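K.L.:
no sequence for this one, just the structure:
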């Protein structure tokens, strides 16, 4: 089974200060994005206010094609695609941890999202620090990169 | 645009000590899983050995349907689906941070994966601690749960 035909359910839409791919930062900065969760999924947000951070999963709808070796802006050496955050992937799945600033009905205000305006959201999961925060991670080639957050 | 028809590209397959959903732990434990990356994607792993941890994204192919309010094993109160890690979601996207133990050609040995045998892998991203490790996260209802890792 090398391909799985699916219909992704769009659960909401990302409203971003970045209107084009060129405007989008590499990884999130401190700008605020608004996530509009479609009304039919609003109930699924119950108790989300208690969380400071969320994992967001979205579909990079403007991504096209991919290469398995990638030149990043931070290194001359090419790295394997799966060791980079390049948006050009076999499955253009976007992923960020964001800070939840405010929830108002079906609207989530978040900080730290690099997605562009109109990006379809496909999942939200809670950031649970006992599971997701790795104390002693070693980050390979990116260990010494200054991402300028 | 509320649905996106796509063909997910399976980049590899998860070989797990958990053969059925009933055997799978809630969140990863210390068991070792083997990820077999299909040969045609192997080049995309270049330099992955430098990373201690990876984000894995997989398709929960046995998931069926979802409810927007979820009773978890840890609380009587029902929580919004997007504030839980339930596998039953509008898009059954599985996500874990795992520890990379060893890479041997196209095989990755990892610890901490809760996926069952045969789960299709759809993406790998590097765990970059400057981006992904949130120092002061507050984890809502799950803040005080002892997940018994």
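P.N.:
Yep, it's here. Remember, predicted model here, so these are calculated numbers, not experimental data.

K.L.:
in chain A, which strand has the most residues?
P.N.:
strand A:93-104 (DSSP state E).

K.L.:
Show me what secondary structure element comes after it.
P.N.:
Downstream of strand A:93-104, the first helix or strand assigned by DSSP states H and E is strand A:107-111.

K.L.:
contact partners of that following strand?
P.N.:
For strand A:107-111, the surrounding residues in contact (C-beta atoms under 8 Å, 6 or more residues apart in numbering or on different chains) are A:28, A:30-37, A:45, A:48, A:54, A:56, A:98-103. All C-beta atoms are positioned from the backbone trio N, CA, C, and that covers glycine.

K.L.:
Now do the buried residues in the longest strand of chain A.
P.N.:
Within strand A:93-104, the residues that qualify as buried are A:93, A:94, A:95, A:96, A:97, A:98, A:99, A:100, A:103, counting by 16 or more other C-beta atoms under 10 Å in any protein chain shown.

K.L.:
can you tell me which of these lies nearest to chain B?
P.N.:
If you rank the buried residues of strand A:93-104 by distance to chain B using C-beta to the nearest C-beta, residue A:93 comes first, at 5.1 Å.

K.L.:
so the closest one makes contact with residue B:95?
P.N.:
No: with contact defined as C-beta atoms under 8 Å, residue A:93 and residue B:95 do not form a contacting pair (9.7 Å).

K.L.:
does chain B sit close to the helix or strand of chain A with the lowest mean pLDDT?
P.N.:
Least confident helix or strand of chain A, by mean pLDDT, DSSP states H and E, is helix A:129-132 with a mean of 86. Yes: interface with chain B: helix A:129-132 contributes A:129, A:130, A:131, A:132 (C-beta under 8 Å from any C-beta of the partner chain).

K.L.:
hang on, the third one packs against residue B:97?
P.N.:
Yes: at 7.5 Å, residue A:131 counts as touching residue B:97 under the criterion of C-beta under 8 Å.

K.L.:
quick one: the strands in chain A?
P.N.:
For chain A, the strands defined by DSSP E occupy A:3-9, A:12-15, A:32-37, A:53-59, A:69-70, A:79-80, A:93-104, A:107-111, A:120-126.

K.L.:
Cheers, nothing more for now.
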